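Colleague: what follows is a predicted structure for the sequence shown.
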Amino acid sequence: MRRLLLPLVVLVLVLSGCSDDEPPAFSGTTLERPYQAPDVALTDTDGQPYSLAADTDKRLTLVFFGYSHCPDICQQVMGALAGAMNRLDDEDREQVDVVFVTTDPARDTPAALRSYLDRLDPSFIGLSGDIETIVEAGKPLAVYVSNGKELPSGGYDLGGHSTQVIGLDSDDEAPVYWDQETSQAEFAADIHTLLAKED
């Protein structure tokens, strides 16, 4: 299968380097050597198996690893993604999935995860699994996941986690990612750029 997004990513690299005086045409970071989507068996909130390699069928899948009890960064990133999806027209939106992989499976039960995501966007996909499997899923995408430890207070120390949003294409490669500071407007503009068909 021909890579649908790769020519556009190359075009973005060229445009973003045109002038130091102009704002960048693309907010994400493109990778010369794309990450490979892991074929690791996670589980969605309906209890069905889900692989980031085998089950990401849209032209673009945005993947974020985080947890529902996160007090700041996860809320910021997921809120930006929800806002970005609302900015897309119907044609673009149909070609994009957003996947949230919990890094706190002990507390993010399927019901809790579904409730969290429904407040953002009911179309968002939630994934979980045992912590070792989640760590394994993150490695090929350069996503750090900590094996959290319960604190005497009853809370959890997750030791931090990566905050980038990974963009997977339909060839199970990740040629682009965004950082936690990306706004909903920037996400929406980049998504449209990546999906735009060549004339």
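Modeller: Happy to help now that I have it.

Colleague: SS state for residue 185?
Modeller: helix (DSSP: H, G, I helix; E, B strand; the rest coil).

Colleague: now do the contacts for it.
Modeller: 84, 87 (CB atoms under 8 Å, 6 or more residues apart in numbering). Backbone N, C-alpha and C define where each C-beta goes, glycine included.

Colleague: make it 7 Å
Modeller: residue 87 (CB atoms under 7 Å, 6 or more residues apart in numbering).

Colleague: do the same with the one 3 residues further on
Modeller: By CB under 7 Å, 6+ apart, residue 188 lies in contact with 84, 87-88.

Colleague: tell me the most packed of those, by neighbour count.
Modeller: Most neighbours among the contacts of residue 188, by other CB atoms under 10 Å: residue 84, with 27 neighbours.

Colleague: model confidence for it, exactly?
Modeller: If you check residue 84, the pLDDT there is 97.

Colleague: do the same with residue 70
Modeller: Value for residue 70, per-residue pLDDT: 85.

Colleague: now swap in residue 32 and tell me
Modeller: pLDDT for residue 32: 94.

Colleague: quick one, helices of this protein?
Modeller: 6-16, 73-87, 90-93, 110-120, 131-138, 184-195 (DSSP state H).

Colleague: for the residue nearest to the spatial centre of the chain, give its distance to residue 189.
Modeller: Nearest to the mean C-alpha position of the chain, counting by CA atoms, centre = their mean, stands residue 63 at 1.8 Å. Residue 63 sits 19 Å away from residue 189, going by CB to CB, to the nearest Å.

Colleague: before we move on, the earlier item: residues touching the residue nearest to the centre of the chain, list them.
Modeller: 52, 99, 101, 165-166, 168.

Colleague: just the closest of the residues you listed to residue 143, please.
Modeller: Using CB to CB, residue 166 comes nearest to residue 143 of the contacts of residue 63, at 7.1 Å.

Colleague: what's the distance between the residue nearest to the closest one when sequence neighbours are not counted and residue 81?
Modeller: The shortest distance from residue 166 to any residue other than its chain neighbours is 4.4 Å, reached at residue 63 (CB to CB, 6 or more residues apart in numbering). Distance, residue 63 to residue 81, using CB to CB: 10 Å.

Colleague: now swap in residue 193 and tell me
Modeller: With CB to CB as the criterion, residue 193 and residue 81 are 16 Å apart.

Colleague: just residue 168 next, same as before
Modeller: 14 Å.

Colleague: contacting residues around the nearest residue to residue 47 once chain neighbours are set aside?
Modeller: The shortest distance from residue 47 to any non-neighbouring residue, by CB to CB, 6+ apart, is to residue 110 (6.6 Å). Shown in contact with residue 110 (CB under 7 Å, 6+ apart): 45, 47, 128.

Colleague: got a ChimeraX select line for the buried ones in those?
Modeller: A single ChimeraX command is used to select the members of the contacts of residue 110 judged buried by 16 or more other CB atoms under 10 Å:
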select :45,128
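
Colleague: okay if I get the contacts of residue 110 as TSV plus distance to residue 174?
Modeller: Compiled in TSV, the contacts of residue 110 are given as follows (distance: CB to CB, whole Å):
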residue	distance to residue 174
45	23
47	26
128	21
